[in-house]
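Student: no letters, just coordinates:
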């Protein structure tokens, strides 16, 4: 049998850009920035994926979705590798991904505002409702308040808009 | 891999990894017991998310423990098929949930230690340890912000919430000292540059705890007699009940999977 023609890695990236995130289906796996590498090792395609959160229940589904999509495009020999380092950061969410999140009603992360666990110097402010100004993804008001540090998934926090009164998710910076 | 890491006794190394992994597993399981019982929907969800993070971290630590041990066991085998005496978590994390005050205070006292441990492990000579720690540190930073925030709000809250937080602090305080005790295993790991000596994390923990308790208007308990033994496998009766529930499925139906 003639050897199958290997699709280029650009082609594979393009296919992966059409695989939706299982929990936030408006953005793709490449928008989320969790695909770290695509390469051929002889006749095997190696896709390197980094988890968002250690315990994110979507990780297993994501791997399955990648496998299903690529097999659907005729890739037979496929290996998924997990890469922990450098740890995933919301900085890797693409510009396009951020726009899609906003349109979907999730306020995108504000880069550089990740919790660092260093409480000294701001303990007095800690119990205030929020130390960030998050704009409402629906009406753009900045009069919003944090309801909870954790939202419907580990990667999000719960907020409420004090103007349009709608609750919404904020994609936490990590 | 560095010679220092190779020189560490494999059993001691696997034992130490189980200490780190078991803390995450047992606290994660405890917190998961709140699922569906939280005092408010947002808190219920937050508790479940913290539990998820911890159980995810435990999979990474116990996976590495199993690899270092080299006996063909998996992270799942370690979690579900060991008996209480083989668990290496500190006694603090197996304390029962009690009320929301007790759960939160336990979380805060542990988070303030956990963040210092992970920050130090990020500089481990074993890159496998450093990369798990770097990932977990980002998650635990959010755990600590949330637990400290709520300790302050409830401590400096109503007379009822203040009294409950004070009671929780008093009942848990005697379980905090164990986190900072060094033994021969800790010494060996520290000499190889894999992990910090637990005692070296005490001053940073003290600083965080003192500042948060002051803001929360809770009296610092000060020096007192402390429990120990969890790291060596000597546990309270509470762990047995926890394991009976957590391990039931794999014990009754060996190898069952979703």
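Tutor: Received the coordinates, thanks. Nothing here was measured: the structure is a model prediction, and the numbers come from that model.
Student: how is chain A partitioned into domains?
Tutor: As recorded under automatic domain parsing, the domains making up chain A are A:9-82, A:95-115+A:127-171.
Student: where does the stretch 1-150 of chain B dip in pLDDT?
Tutor: The model of the stretch 1-150 of chain B has pLDDT under 70 over residues B:1.
Student: middle-most residue in chain A, spatially?
Tutor: Residue closest to the average C-alpha location in chain A (C-alpha atoms, centre = their mean): residue A:32, at 3.6 Å.
Student: and of the domains of chain A, who's closest to chain B?
Tutor: With C-beta to the nearest C-beta, the closest approach to chain B among the domains of chain A belongs to domain A:9-82: 2.4 Å. The C-beta positions use only the backbone N, C-alpha and C, and glycine is treated the same way.
Student: tell me how far the closest one is from the chain's mean position?
Tutor: Centroid separation for domain A:9-82 versus its chain: 13 Å, with C-alpha atoms, centre = their mean, to the nearest Å.
Student: can you report how many residues lie near residue 72?
Tutor: Assuming you mean chain A. 9 (other C-beta atoms under 10 Å in any protein chain shown).
Student: chain B was what I was after
Tutor: Residues near residue B:72, counting by other C-beta under 10 Å, number 7.
Student: likewise residue B:24?
Tutor: Residues lying near residue B:24 (other C-beta under 10 Å) number 28.
Student: for stretch B:9-25, which outside residues touch it?
Tutor: Residues from elsewhere that reach stretch B:9-25, judged by C-beta atoms under 8 Å, 6 or more residues apart in numbering or on different chains: B:54-55, B:57-58, B:60-62, B:64-66, B:68-70, B:75, B:78-79, B:86-90, B:93, B:110, B:114, B:117, B:121, B:136, B:184-186, B:188-189, B:194-195, B:231.
Student: can you pull the contacts of the residue nearest to the centre of chain A?
Tutor: Residue A:32 sits next to A:21, A:52, A:92, A:93, A:97 when contact means C-beta under 8 Å, 6+ apart.
Student: low-confidence ranges in chain A?
Tutor: Scanning chain A for pLDDT under 70 picks out A:1-4, A:120-121, A:124-131.
Student: interface residues of it facing chain B?
Tutor: Contact residues, chain A versus chain B (C-beta under 8 Å from any C-beta of the partner chain): A:51, A:53-57, A:84-89, A:114-117, A:119-120, A:123-124, A:126-127, A:147-154, A:158, A:172, A:174.
Student: quick one: the strands in chain A, in order.
Tutor: When assigned using DSSP state E, the strands of chain A occupy the ranges A:35-41, A:44-49, A:78-82, A:106-107, A:144-148, A:156-161, A:167-171.
Student: show me what the fourth one is packed up against.
Tutor: Applying 3 or more C-beta pairs under 8 Å, 6 or more residues apart in numbering or on different chains; DSSP states H and E, one finds that strand A:106-107 contacts strand A:167-171.
Student: repeat for the first one
Tutor: Helices and strands touching strand A:35-41, as assessed by 3+ C-beta pairs under 8 Å, 6+ apart, comprise helix A:9-16, strand A:44-49.
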